[in-house]
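Participant: From the sequence below, what's the structure:
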Amino acid sequence: MKRTLILLICLFQVLDFTFGQSSDSLKTKASKEFAIGLTAIQTSLVSKRFYGINYNIKYFPTKRFGTGAYIIFSQKKISDTFTYSIKKPIIQFYEIGWTNQYNFLQSSKVRMNISLVNGFSQVRLGDNAFNEKNHKYPPKEISSNYFYTLEPGSSFSCKLISSKDNADFWLTAAASYRFVFGDTKFGMTKDFSGYLFGIGISIIGLVDD
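Facilitator: Alright, predicted model coming up:
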């Protein structure tokens, strides 16, 4: 597992250096791009399927290389109390990080990329019994795990709608693997690593130089 992570990171860095430098050297006058993505996700935590939302926003200083913010939220009611005194256990998962992306295939209709997210995640164990009558407040926190997170992945996009304002709509499917590093107050560290799959809409547009 660690060897795979190291190889993915090295591959990303090599591609970024090689193609990023060549793109910059061309000094093209094309406008820069931005991309906003909203994706429904499925991931694995404590051997259970979790569903949630991923929001990301990226800026492309060169034609193929993008960088920006990456946010995930997911939650699920579970039965395991992890030896705590909990009436109705629930897990909430938060991830925030910085993503770097390289488009190795890019045309007017189709794009494919590899990416790497560096960030932090919180796995929050709560008791939903304290939130049943008033949903304005989150479940009572029992314990939280905090991790440094590395998430290599890849995505495929195809254009759905072209806009005259240069803000095009794309259908995006993504897959990645989350590696977490840190100590736990409940569960084991390996319980919070896992695959992530998503599908959603991306808006990609031009920014004037």
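Participant: Toward the C-terminus from the lengthiest strand in the chain, list the very next helix or strand.
Facilitator: Longest strand of the chain, by residue count under DSSP state E: strand 140-161. Per DSSP states H and E, the first helix or strand lying C-terminal to strand 140-161 is strand 167-181.
Participant: Now do that next one, average pLDDT.
Facilitator: Across strand 167-181, pLDDT averages out at 96.
Participant: which parts of that strand are buried?
Facilitator: Asp168, Trp170, Thr172, Ala174, Ser176, Tyr177, Arg178, Phe179, Val180 (16 or more other Cβ atoms under 10 Å). Quick note: C-beta positions are derived from backbone N, CA and C, even for glycine.
Participant: so how far is it from its chain's centroid?
Facilitator: 6 Å (Cα atoms, centre = their mean, to the nearest Å).
Participant: pLDDT wise, what is Lys87 at?
Facilitator: So Lys87 comes in at 92 (pLDDT).
Participant: mind checking how far it is from Tyr137?
Facilitator: Relative to Tyr137, Lys87 is positioned 16 Å away (criterion: Cβ to Cβ, to the nearest Å).
Participant: Tell me which stretches of the protein form helices.
Facilitator: Along the chain, counting by DSSP state H, helices occupy 2-26.
Participant: Which of the helices and strands in it ranks last by mean pLDDT?
Facilitator: The helix or strand of the chain with the lowest confidence, counting by mean pLDDT, DSSP states H and E, is helix 2-26 at a mean of 46.
Participant: before we move on, back to that, note down every partner strand of the longest strand of the chain and its orientation.
Facilitator: strand 110-127 (antiparallel), strand 167-181 (antiparallel) (DSSP bridges).
Participant: Could I get the CA-only coordinates of the shortest one as CSV?
Facilitator: The reference is to strand 167-181. Output in CSV follows, covering the C-alpha atoms of strand 167-181 (Å, rounded to 0.1, in the frame of the first residue of the first chain):
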residue,chain,number,x,y,z
ALA,A,167,-18.9,28.5,-18.9
ASP,A,168,-19.5,25.0,-20.2
PHE,A,169,-21.2,22.1,-18.3
TRP,A,170,-19.5,18.8,-18.0
LEU,A,171,-20.5,15.4,-16.6
THR,A,172,-17.7,14.1,-14.4
ALA,A,173,-17.0,10.7,-12.9
ALA,A,174,-14.2,10.3,-10.4
ALA,A,175,-12.4,7.6,-8.4
SER,A,176,-9.7,8.0,-5.8
TYR,A,177,-8.2,6.3,-2.7
ARG,A,178,-7.9,8.0,0.7
PHE,A,179,-4.9,7.4,2.8
VAL,A,180,-5.1,8.7,6.4
PHE,A,181,-2.3,9.2,8.9
